[in-house]
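[1] predicted model follows, preceded by the sequence.
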Amino acid sequence: MARITLFAPIACAFAFSCLAQETTATLRGVATDPSGAMLPSVTVRVTNLATNTSRETKTDASGAYSLPFLPAGDYSIAATLAGFQTQKVDRMTLQVQQSARVDFQLKVGCRPRTLPWEQSSIPVRLRTFR
């Protein structure tokens, strides 16, 4: 009976430690401008390349961001803010229990814009000037 009493707490502790093991990764970093000043409200978007699912967050007042609980895998990462050029990482592999850091330095400049296109019945002639 004494052996069962001693064994039960050890077995429970082992079981809970197995359940507590993390199977995801965390991505964190900061966003700055070219002078090194921290940029708040930068949108950081990660996209899992295998599933094409995305998550995003915004940097806080100190320019920091954190995306916890990302499943291990390959990701693309983009940081965007109005008035700055989008910065991208095309492929980054996150491992189980990894805490990866990706810092962005955004360059001043306009982001490419996509103009809305509506089909029109008005004929349009395009010319190239040389």
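    Received, thanks. Numbers count the residues shown, from 1 in each chain.

[2] low-confidence ranges in the protein?
    Residue ranges of the chain with pLDDT under 70: 1-21, 110-130.

[3] show me where the chain has its helices.
    Along the chain, counting by DSSP state H, helices occupy 2-19.

[4] ok, and what's touching stretch 40-50?
    27, 29, 31, 53-63, 65, 67, 70-71, 73-81, 91, 104, 106 (Cβ atoms under 8 Å, 6 or more residues apart in numbering). Bear in mind the C-beta positions are built from the backbone N, C-alpha and C, glycine included.

[5] report the contact partners of residue 78.
    44-45, 47, 86-89.

[6] again, 10 Å this time
    Counting by Cβ atoms under 10 Å, 6 or more residues apart in numbering, residue 78 touches 43-47, 54, 56, 86-90, 104.

[7] now do the strands in this structure.
    Taking DSSP state E, the strands of the chain run over residues 24-32, 43-48, 54-58, 64-71, 73-80, 87-94, 99-101, 104-105.

[8] give me the sheet partners of the shortest one and which way each runs.
    This points to strand 104-105. strand 24-32 (parallel) (DSSP bridges).
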